[in-house]
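Student: sharing a model prediction with you, sequence too.
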Amino acid sequence: MSKTVTHRAWMVIGWLLVIFVVWITLTPKPPQVLQTIPHLDKIGHFLAYVALVAWFAAALPGRKWLTSLTIVFIVMGGMLEILQGFTGRDPSAFDWLIDTGGAVLGAGLPRAWLACVYRWFNGHEYRRTGKPAAG
(Lines give C-alpha, C1' and ligand atoms only; values in the text may rest on other atoms or scores of the structure.)
Protein backbone atom coordinates (compact mmCIF):
# COMPACT_ATOMS: atom_id res chain seq x y z
CA MET A 1 0.00 0.00 0.00
CA SER A 2 1.43 3.41 -0.88
CA LYS A 3 2.36 5.93 1.80
CA THR A 4 -0.21 8.43 0.55
CA VAL A 5 -3.06 5.93 0.61
CA THR A 6 -2.08 4.73 4.07
CA HIS A 7 -1.80 8.28 5.38
CA ARG A 8 -5.18 9.24 3.95
CA ALA A 9 -6.84 6.13 5.35
CA TRP A 10 -5.25 6.76 8.75
CA MET A 11 -6.48 10.36 8.74
CA VAL A 12 -10.00 9.36 7.64
CA ILE A 13 -10.21 6.84 10.48
CA GLY A 14 -8.92 9.50 12.85
CA TRP A 15 -11.57 11.98 11.77
CA LEU A 16 -14.23 9.29 12.14
CA LEU A 17 -12.99 8.82 15.72
CA VAL A 18 -13.34 12.58 16.28
CA ILE A 19 -16.88 12.54 14.87
CA PHE A 20 -17.77 9.60 17.10
CA VAL A 21 -16.42 11.35 20.22
CA VAL A 22 -18.33 14.53 19.34
CA TRP A 23 -21.52 12.55 18.73
CA ILE A 24 -21.29 10.44 21.90
CA THR A 25 -20.52 13.58 23.94
CA LEU A 26 -23.30 15.73 22.53
CA THR A 27 -26.07 13.20 21.97
CA PRO A 28 -28.93 13.98 24.38
CA LYS A 29 -29.40 10.31 25.27
CA PRO A 30 -26.14 8.34 25.24
CA PRO A 31 -26.31 4.56 24.88
CA GLN A 32 -27.57 2.87 28.05
CA VAL A 33 -24.55 0.57 28.19
CA LEU A 34 -22.53 3.58 29.42
CA GLN A 35 -24.64 3.60 32.57
CA THR A 36 -24.62 -0.12 33.36
CA ILE A 37 -21.03 -0.34 34.62
CA PRO A 38 -19.89 2.03 37.37
CA HIS A 39 -17.52 4.75 36.09
CA LEU A 40 -17.64 3.43 32.50
CA ASP A 41 -18.42 6.97 31.39
CA LYS A 42 -15.19 8.25 32.98
CA ILE A 43 -13.16 5.37 31.55
CA GLY A 44 -14.66 6.15 28.13
CA HIS A 45 -13.66 9.80 28.39
CA PHE A 46 -10.11 8.88 29.31
CA LEU A 47 -9.66 6.21 26.62
CA ALA A 48 -11.26 8.36 23.92
CA TYR A 49 -8.74 11.15 24.40
CA VAL A 50 -5.81 8.75 24.72
CA ALA A 51 -6.87 7.26 21.38
CA LEU A 52 -7.46 10.59 19.64
CA VAL A 53 -4.11 12.14 20.52
CA ALA A 54 -2.19 8.90 19.96
CA TRP A 55 -3.88 8.27 16.61
CA PHE A 56 -3.18 11.68 15.11
CA ALA A 57 0.28 11.94 16.66
CA ALA A 58 1.23 8.67 14.96
CA ALA A 59 0.32 10.12 11.56
CA LEU A 60 1.84 13.55 12.24
CA PRO A 61 5.17 12.84 13.92
CA GLY A 62 7.29 15.53 15.52
CA ARG A 63 7.30 17.53 18.73
CA LYS A 64 5.56 20.50 17.07
CA TRP A 65 2.58 18.36 16.08
CA LEU A 66 2.49 16.52 19.39
CA THR A 67 2.16 19.68 21.45
CA SER A 68 -0.40 21.20 19.07
CA LEU A 69 -2.49 18.02 18.92
CA THR A 70 -2.51 17.65 22.68
CA ILE A 71 -3.65 21.25 23.14
CA VAL A 72 -6.29 20.97 20.40
CA PHE A 73 -7.83 17.88 21.97
CA ILE A 74 -7.72 19.35 25.49
CA VAL A 75 -9.56 22.42 24.20
CA MET A 76 -11.99 20.22 22.25
CA GLY A 77 -12.79 18.27 25.41
CA GLY A 78 -13.51 21.50 27.31
CA MET A 79 -15.67 22.90 24.53
CA LEU A 80 -17.66 19.69 24.24
CA GLU A 81 -18.31 19.69 27.98
CA ILE A 82 -19.63 23.26 27.76
CA LEU A 83 -21.79 22.36 24.73
CA GLN A 84 -23.26 19.41 26.64
CA GLY A 85 -25.18 21.93 28.71
CA PHE A 86 -27.15 22.86 25.60
CA THR A 87 -28.15 19.25 24.85
CA GLY A 88 -29.97 18.51 28.09
CA ARG A 89 -26.95 16.81 29.66
CA ASP A 90 -24.86 18.08 32.51
CA PRO A 91 -21.44 19.53 31.66
CA SER A 92 -18.70 18.38 34.01
CA ALA A 93 -15.36 19.98 34.77
CA PHE A 94 -14.28 16.59 36.16
CA ASP A 95 -14.98 14.95 32.77
CA TRP A 96 -12.84 17.64 31.14
CA LEU A 97 -10.00 16.91 33.57
CA ILE A 98 -10.28 13.22 32.66
CA ASP A 99 -10.22 14.16 28.95
CA THR A 100 -7.09 16.23 29.64
CA GLY A 101 -5.38 13.34 31.42
CA GLY A 102 -6.18 11.05 28.51
CA ALA A 103 -4.82 13.55 25.98
CA VAL A 104 -1.58 13.92 27.94
CA LEU A 105 -1.17 10.16 28.24
CA GLY A 106 -2.01 9.78 24.53
CA ALA A 107 0.96 12.04 23.79
CA GLY A 108 3.23 9.49 25.45
CA LEU A 109 3.63 5.74 25.26
CA PRO A 110 0.52 4.79 23.23
CA ARG A 111 1.54 7.35 20.61
CA ALA A 112 4.89 5.61 20.17
CA TRP A 113 3.20 2.23 19.71
CA LEU A 114 0.69 3.58 17.19
CA ALA A 115 3.47 5.37 15.32
CA CYS A 116 5.20 2.01 14.84
CA VAL A 117 1.96 0.49 13.54
CA TYR A 118 1.46 3.46 11.21
CA ARG A 119 5.01 3.17 9.86
CA TRP A 120 4.61 -0.59 9.41
CA PHE A 121 1.57 0.05 7.19
CA ASN A 122 3.74 2.45 5.21
CA GLY A 123 6.27 -0.31 4.53
CA HIS A 124 8.97 0.70 7.00
CA GLU A 125 10.62 -1.82 9.26
CA TYR A 126 11.43 -0.38 12.66
CA ARG A 127 13.59 -1.72 15.42
CA ARG A 128 12.53 -1.37 19.06
CA THR A 129 14.23 2.00 19.19
CA GLY A 130 11.75 3.39 16.68
CA LYS A 131 14.52 4.14 14.18
CA PRO A 132 14.57 2.75 10.65
CA ALA A 133 16.33 -0.58 10.31
CA ALA A 134 19.53 -0.52 8.29
CA GLY A 135 19.40 -1.77 4.75
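Tutor: Thanks, I have it.
Student: how about the helices in the chain?
Tutor: Assigned by DSSP state H, the chain shows helices spanning 3-26, 40-59, 63-84, 93-106, 109-121.
Student: what's the third one in contact with?
Tutor: Identification of contacts with helix 63-84 by C-beta atoms under 8 Å, 6 or more residues apart in numbering yields 18, 21-22, 25-26, 45, 49, 52-53, 56-57, 60, 90-93, 95-96, 99-100, 103-104, 106-107, 111. No exception for glycine: its C-beta is placed from N, CA and C like everyone else's.
Student: hmm, back to that, so which of the helices of the chain gets nearest Gln32?
Tutor: Nearest to Gln32, of all these, is helix 40-59, at 10.8 Å by C-beta to C-beta.
Student: and the closest one, how far out from the chain's middle?
Tutor: 4 Å (C-alpha atoms, centre = their mean, to the nearest Å).
Student: make a markdown table from the helices of the chain and add mean neighbour count to it.
Tutor: Compiled in a markdown table, the helices of the chain are given as follows (neighbours: other C-beta atoms under 10 Å):
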| stretch | mean neighbour count |
| --- | --- |
| helix 3-26 | 14 |
| helix 40-59 | 21 |
| helix 63-84 | 16 |
| helix 93-106 | 20 |
| helix 109-121 | 16 |
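Student: what sits closest to the residue positioned nearest the centre of the chain if chain neighbours are left out?
Tutor: By C-alpha atoms, centre = their mean, the chain has its centre lying nearest to Leu52, at 0.8 Å. Nearest non-adjacent residue to Leu52, counting by C-beta to C-beta, 6 or more residues apart in numbering: Phe73, 5.3 Å away.
Student: swap in Ala115?
Tutor: Nearest non-adjacent residue to Ala115, counting by C-beta to C-beta, 6+ apart: Ala58, 4.2 Å away.
Student: mind listing what the one you found touches?
Tutor: Contacts of Ala58 by C-beta under 8 Å, 6+ apart are Trp10, Arg111, Leu114, Ala115, Val117, Tyr118.
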